[in-house]
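**Student:** The amino acid sequence is not available; the structure is as follows:
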Ligand SMILES: Nc1ncnc2c1ncn2[C@@H]1O[C@H](COP(=O)(O)OP(=O)(O)O)[C@@H](O)[C@H]1O
Ligand SMILES: [Mg+2]
C-alpha cells in the first residue's frame, strides 16, 4: 500500500496503512480541467488525502460542484488524475485499472439503462459484460430485486419506470458482480422519501457483506444515517473528516449542516 521509503536524513518513514486495513487510499489527489475555450482552469479536486477502511461506508458530502463525482470517476477509472495517488483494493488507478474493474461496482450519478428492455433484461446485459452465466445472473438478480422490492417491476420495460425505480435498478446493476468495493454517486436522487429510506436500509445491509462503500451525497441526513465517516468537500478541498458524531462534537453542532455552516459560512444546499 502507500508507503514512502525510509530516509534516515530526511523525514521518518511514513506508513499510512501498517495493518493493511484500508480498502482505498487517496493521497494529494488533484484533477485540473483545462480547455482552450475557457481561459481559467477548473481545480475540480485540489489536493485531497483520505483513506477508507475495509467494510466502511464512507461519505463524500458537499454542495454541487464540490468535486465529489470527479473523485468517484478517478477511483473507478473513468478519468485519470492530474496529480497524486489513488489506490483501490491495493491497485494503483494509474497502472492497474484492469484489476480494479474486477473488484468494483459503480452506480453513476446519471442513471443509465436501456429504456426498451425490461429491468431483468438490463441486468442480464450488464451481468453478461462481467462474463457471468445466465444462472448466476438470475440467482443474484432475484435476491437483489426482492430486497429492493423491484421483483415484479423488473418484468416491465424500463421506459415506464419512475426516476426512483431507475436509480434502484442502477444500484442493483452495480452489485450484480458481487463487488468488494462499491461506488454510489448520489444514489437516492429522484427517490421519494419512502423509497429513499428503504434504499438507505438496503445500503446499510450491505455492511453485513463487508463491502466497502464510498457514497457521495448532498443530503445531510443521508450522510448522517448511512456513513461511518464522512469527508466534507468544498471547492475541491477536504474541509472536515471524521464520523458524523465526532464532527458534530468537534464543531459543537447539532448536525452536519451546521458543521458545514460553521466552517464555510454557507449552507450546503446554497451551492446547488
Ligand atoms: N469534464 C469537465 N470539464 C470541465 N470542468 C468539469 C468537468 N467535469 C466537472 N467539471 C467541474 O469540476 C467541478 C467539480 O465537479 P463535480 O466533480 O461534478 O462536482 P460534484 O459531483 O461535487 O457536484 C465543477 O466545477 C465542475 O463544473
Ligand atoms: Mg456529482
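**Tutor:** That came through, no problem. What you see is a predicted model; the values in this text were computed from it and never measured. Ligands and ions are numbered 1, 2, ... in the order given.
**Student:** and after the longest helix along the chain, which helix or strand comes next?
**Tutor:** Using DSSP state H, we find that the single longest helix of the chain is helix 134-148. Once helix 134-148 ends, the next helix or strand along the chain (criterion: DSSP states H and E) is helix 163-175.
**Student:** could you check the angle helix 134-148 makes with that next one?
**Tutor:** 140 degrees (axes from the mean of the first three to the mean of the last three Cα atoms, to 10 degrees).
**Student:** can you list the residues that contact helix 163-175?
**Tutor:** 105-108, 111-113, 119, 122-123, 126, 140-141, 144-145, 148, 150, 153-154, 158, 161, 182-184, 187-192, 195-196, 199, 202-203, 206 (Cβ atoms under 8 Å, 6 or more residues apart in numbering). Backbone N, C-alpha and C define where each C-beta goes, glycine included.
**Student:** Would you mind listing which of the residues you listed are buried?
**Tutor:** 105-108, 111, 113, 119, 122-123, 126, 140-141, 144-145, 148, 150, 153-154, 158, 161, 182-184, 187-191, 195-196, 199, 202-203, 206 (16 or more other Cβ atoms under 10 Å).
**Student:** Just the ones in helices from those, please.
**Tutor:** Those of these lying in helices (DSSP H): 119, 122-123, 126, 140-141, 144-145, 148, 195-196, 199, 202-203.
**Student:** per-residue confidence at residue 5?
**Tutor:** If you check residue 5, the pLDDT there is 43.
**Student:** and the stretch 51-200 of the chain, which residues reach ligand 1?
**Tutor:** Proximity of the stretch 51-200 of the chain to ligand 1 (Cβ under 6 Å from any ligand atom) is limited to residues 62, 64-70.
**Student:** In this protein, what residue lies closest to ligand 2?
**Tutor:** residue 69 (3.2 Å; Cβ to the ion).
**Student:** State the phi and psi torsions of that residue.
**Tutor:** phi -60, psi -40 (degrees, to the nearest 10).
**Student:** Residue 94 too?
**Tutor:** phi -80, psi -30.
**Student:** quick one: contacts for it?
**Tutor:** 80-81, 85-86.
**Student:** swap the cut-off to 7 Å and go again
**Tutor:** Contact analysis of residue 94 by Cβ atoms under 7 Å, 6 or more residues apart in numbering lists residue 80.
**Student:** Tell me the pLDDT of it.
**Tutor:** 94.
**Student:** what do you get for residue 269?
**Tutor:** Reading off the model, residue 269 has pLDDT 79.
**Student:** what do you get for the one 3 residues further on?
**Tutor:** According to the predicted model, the pLDDT of residue 272 comes to 56.
**Student:** What is the nearest of the residues of the stretch 51-200 of the chain next to ligand 1 to residue 33?
**Tutor:** residue 70 (8.6 Å; Cβ to Cβ).
**Student:** any idea which element the closest one lies in?
**Tutor:** Applying DSSP H and E, one finds residue 70 within helix 68-75.
**Student:** Could you tell me how far that helix lies from the centre of the chain?
**Tutor:** 8 Å (Cα atoms, centre = their mean, to the nearest Å).
**Student:** Tell me which other helices or strands the next helix or strand after that helix touches.
**Tutor:** Tracing the chain C-terminally past helix 68-75 and defining elements by DSSP H and E, one meets strand 83-88 next. Counting contacts by 3 or more Cβ pairs under 7 Å, 6 or more residues apart in numbering; DSSP states H and E, strand 83-88 is packed against strand 22-33, helix 68-75.
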